[in-house]
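K.L.:
quick check, what structure comes out for this input:
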Amino acid sequence: MARHPDALSLFEEMALEAAGRGRAFGMKALAEVVRWHFHYSRDVAEEWKLNNNHIAYIGRELIDRHPWIAPYITTRKAAE
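P.N.:
Numbers count the residues shown, from 1 in each chain. Predicted coordinates for the structure are as follows:
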């Protein structure tokens, strides 16, 4: 995310849109959309990858930034 902050912005934009419409969503599904976007819709010179282990933490970051979306994101306990 540090090398591609626009990826986090895309997660945030899509999460806020879904929650604003009252639609629940899974972070894994959202991650697949972001992956597709970066693979097919962007001119990224280097290969861009998103580790599945980071997806839950991105969801928690979004909840920290926008607490009102928490009911729309399903979360599980993270490993310590």
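K.L.:
now for the residue nearest in space to the middle of the chain: which residues touch it?
P.N.:
In the chain, the C-alpha closest to the average C-alpha coordinate belongs to residue 11, at a distance of 3.6 Å (Cα atoms, centre = their mean). Listed by Cβ atoms under 8 Å, 6 or more residues apart in numbering, the contact set of residue 11 reads 30, 31, 34, 58, 62. All C-beta spots, glycine's among them, are computed from the backbone N, C-alpha and C.
K.L.:
ok, the first one touching residue 13?
P.N.:
Right, residue 30. No - under the contact definition of Cβ atoms under 8 Å, residue 30 does not touch residue 13, with a separation of 10.4 Å.
K.L.:
tell me which of these two has more neighbours.
P.N.:
Using other Cβ atoms under 10 Å, the more surrounded residue of residue 30 and residue 13 is residue 30, with 20 against 11.
K.L.:
excluding chain neighbours, what is closest to residue 70?
P.N.:
Counting by Cβ to Cβ, 6 or more residues apart in numbering, residue 63 is the residue found nearest to residue 70 once chain neighbours are left out, at 4.8 Å.
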